[in-house]
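> based on what follows, work out the 3D shape:
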Amino acid sequence: MGNDDHRRRKTPCGFCMAVFKWIPVLFISAVIAWSYYAYVVELCIRNSENRIGMIFMLLFYHISLVLFMWSYWRTIMTTVGRIPDQWRIPDEEVTRLFRADSQETQKRILNNFARNLPVTNRTMNGSVRFCEKCKIIKPDRAHHCSVCSCCVLKMDHHCPWVNNCVNFYNYKYFVLFLGYALVYCLYVAFTTLHDFVQFWKVGAYENNGYSAQGQLNGTGIGRFHILFLFFIAIMFAISLVSLFGYHIYLVLVNRTTLESFRAPIFRVGGPDKNGYNLGRFANFCEVFGDDWQYWFLPVFSSRGDGRSFPTSSNQSRDTMASPVQRYDAMGDTATSRLDGNPTDKLIGAMPLDSLTPNNPDQPNYQHHHHPSPHQVSGTNVSLTSSEPMALQRADAVPPHLNDRLASGQPSSCNTAAAMSSATKDEAAAAAANGSAVFIDMVGDHSSRDKDLPANGQLPV
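Purely as a prediction, here's the structure:
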């Protein structure tokens, strides 16, 4: 619980509110206690004539009850967890943040403080999520609970029936609680169905305590407990079916209740409800763990620490693009971190060779990457298919190089070195004729070619 909650409890009104929050839990506990009496005492001990059947009924009843109560207790008593201090913004930074004159200034302050934190969720304006009450950077999938008065890791919702937030640490217990509660109610309903039918059956059966009008006689007051037990079991089972089925669906798609109503916003990619969907089995293991022996026991076995989460395969594929593609898709990345984090969905990343000036369909992108050591420095040339790719016209080559090419010398490093020693006037003349393209081979010369210039002009 947060500090505000502790302060409220010190006042008389705060103490009354704290007690009031436990009323739903006390109600559920009272219903379970009464159902235990009605089933064990009235149905099995006082009413059952088959002792063997009674033993098996009590055995399965107590198994379902123990699992149900164990999961319920763990859901109630598990705390929401404490967010580490490195997520907390110092007081001087908070003062600067609140005194910032613009939203962009606040955004820069938050981004600078969170540069080393594994956060990828953002607000609508692209800023790091910040809790004004707790004075912390919110971890991914965390939200502030107004009832618990603190930020909750992977918050699903606040459940009044357990007087606790359903969060990263008790979500498995909550799902098991719903499942075992449903099993408990269905088991009680099926085993009391026979007595419920006999209660309304018309006819006089002296051996089972009914009158001719189907009403109980004076000795059958205990059957009212069985009648109401059946009604209550059916009523709770109907409500639990939809709730349990919904949370099973959320587990299989790796989504919380809050995320199903409002999709998480990623730093790159925007809102995406399926941002954490890893596949059904992987999603199931993220909540219930990798060891199948603990899947159906209320023992903590979930993956992760509740502060960072793996993301869907499509986001992983996007961020596994080439570094140049990621760089151009994100623009200026001087202050960005987690470029390789699979949470960041990179959209609009495209190969650089598709962004040509001659393509009118592509936008005019401003690239920030440094020049490659192999850059084209000449003019574009239109070569016909009937002419060689290396040289279009022999007369455009300097005369002392044309003889060497005509003699059949290989066009390898020696020829390239000889061609790179051409005078600037000859190179300029060849370029002016529009018959050759010259490429700067920056840093490609070996140390033994000392007579070559640093940037030899090589016609191709």
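> need the contact list for residue 127.
103, 106, 107, 110, 111 (C-beta atoms under 8 Å, 6 or more residues apart in numbering). (Each C-beta comes from the backbone N, C-alpha and C, glycine too.)
> and the gap between it and residue 104?
9 Å (C-beta to C-beta, to the nearest Å).
> repeat for residue 63
Counting by C-beta to C-beta - residue 63 and residue 104 are separated by 60 Å.
> same check, this time on residue 20
Taking C-beta to C-beta, one finds residue 20 at 44 Å from residue 104.
> which other helices and strands contact the biggest helix by length in the chain?
Ranked by residue count and defined by DSSP state H, the top helix of the chain is helix 223-253. Here helix 223-253 touches helix 23-36, helix 171-191, helix 193-200, helix 280-288, going by 3 or more C-beta pairs under 8 Å, 6 or more residues apart in numbering; DSSP states H and E.
> by mean pLDDT, show me the worst of these.
Mean pLDDT is lowest for helix 193-200 among the helices and strands packed on helix 223-253, at a mean of 79.
> CA atoms only: put it into CSV for me.
What follows is helix 193-200, C-alpha atoms only, in CSV (Å, rounded to 0.1, in the frame of the first residue of the first chain):
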residue,chain,number,x,y,z
LEU,A,193,-29.3,-31.9,-7.6
HIS,A,194,-31.0,-35.2,-6.5
ASP,A,195,-32.2,-33.8,-3.2
PHE,A,196,-33.3,-30.6,-5.0
VAL,A,197,-35.5,-32.6,-7.4
GLN,A,198,-36.9,-34.7,-4.6
PHE,A,199,-37.9,-31.5,-2.7
TRP,A,200,-40.2,-30.4,-5.5
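> tilt between that helix and helix 171-191?
50 degrees (axes from the mean of the first three to the mean of the last three C-alpha atoms, to 10 degrees).
> who wins for neighbours among the contacts of residue 127?
When the contacts of residue 127 are compared by neighbour count (other C-beta atoms under 10 Å), residue 110 ends up highest, at 22 neighbours.
> so the closest residue in space to that one that isn't next to it in sequence versus residue 267, what's the distance?
What sits nearest to residue 110 in space, not counting adjacent residues and going by C-beta to C-beta, 6 or more residues apart in numbering, is residue 128, at 4.1 Å. Applying C-beta to C-beta, the value for residue 128 to residue 267 is 9 Å.
> burial count for residue 175?
Neighbours of residue 175 using other C-beta under 10 Å come to 22.
> repeat that for the one 4 residues further on.
By other C-beta under 10 Å, 18 other residues sit near residue 179.
> ditto for residue 126
Counted by other C-beta under 10 Å, the residues lying close to residue 126 total 12.
> then residue 11?
10.
> same check on residue 16?
11.
> and what of residue 281?
Other residues close to residue 281 by other C-beta under 10 Å number 9.
> how near is it to residue 44?
40 Å.
> ok, residue 59 next?
Counting by C-beta to C-beta, the gap from residue 59 to residue 44 is 11 Å.
> these two - which one has more neighbours?
Set residue 59 next to residue 44 and count neighbours by other C-beta under 10 Å: residue 44 wins out with 18 against 9.
> ramachandran coordinates for the closest residue to that one other than its chain neighbours?
Leaving aside its chain neighbours, residue 44 sits nearest to residue 54 (4.8 Å; criterion: C-beta to C-beta, 6+ apart). Main-chain torsions, residue 54, degrees, to the nearest 10: phi -60, psi -40.
> where does the chain dip in pLDDT?
1-10, 201-220, 313-460 (pLDDT under 70).
> just to revisit the earlier point, among the helices and strands packed on helix 223-253, which is nearest residue 235?
helix 171-191 (8.5 Å; C-beta to C-beta).
> buried stuff in that closest one?
For helix 171-191, burial by neighbour count (16 or more other C-beta atoms under 10 Å) applies to 171-189, 191.
> again with stretch 159-169
Under 16+ other C-beta under 10 Å, the buried positions of stretch 159-169 are 159, 162, 163, 164, 165, 166, 167, 168, 169.
> can you tell me what sits against it?
In contact with stretch 159-169 (C-beta under 8 Å, 6+ apart) are residues 21-22, 24-25, 28, 72, 75-76, 78-81, 141, 145, 147-148, 152-158, 170, 174, 177, 257, 300, 302, 304, 306.
> cool, stretch 285-305 as well?
67, 70-71, 74-75, 168-169, 171-173, 175-177, 251, 254, 278, 309-310.
> tell me the angle the longest helix of the chain makes with helix 280-288.
Using the same axes, to 10 degrees: helix 223-253 against helix 280-288 is 120 degrees.
> report the angle between helix 223-253 and helix 23-36.
130 degrees.
> count the neighbours of residue 131 for me.
18.
> wait, it sits on residue 146?
No - between residue 131 and residue 146 there is no contact under C-beta atoms under 8 Å: 11.5 Å.
> before we move on, back to that, of all the contacts of residue 127, which comes closest to residue 32?
Of those, the one sitting nearest to residue 32 (C-beta to C-beta) turns out to be residue 110, at 46.8 Å.
> the closest one sits in which helix or strand?
Element membership for residue 110 (DSSP states H and E) is helix 103-113.
> got it, and residue 296?
Residue 296 belongs to no helix or strand, assigned by DSSP H and E.
> and it, how many neighbours?
Neighbours of residue 296 using other C-beta under 10 Å come to 14.
> please report phi then psi for it.
Torsion angles, degrees, to the nearest 10, at residue 296: phi -110, psi 20.
> gap between it and residue 156?
20 Å.
> do residue 250 as well
8 Å.
> now for these two: what residues contact both?
256, 257.
> neighbour count for the two, which is higher?
residue 156 (24 against 19).
> ok, the more buried one touching residue 255?
No - with contacts defined as C-beta under 8 Å, residue 156 does not count as touching residue 255, sitting 9.4 Å away.
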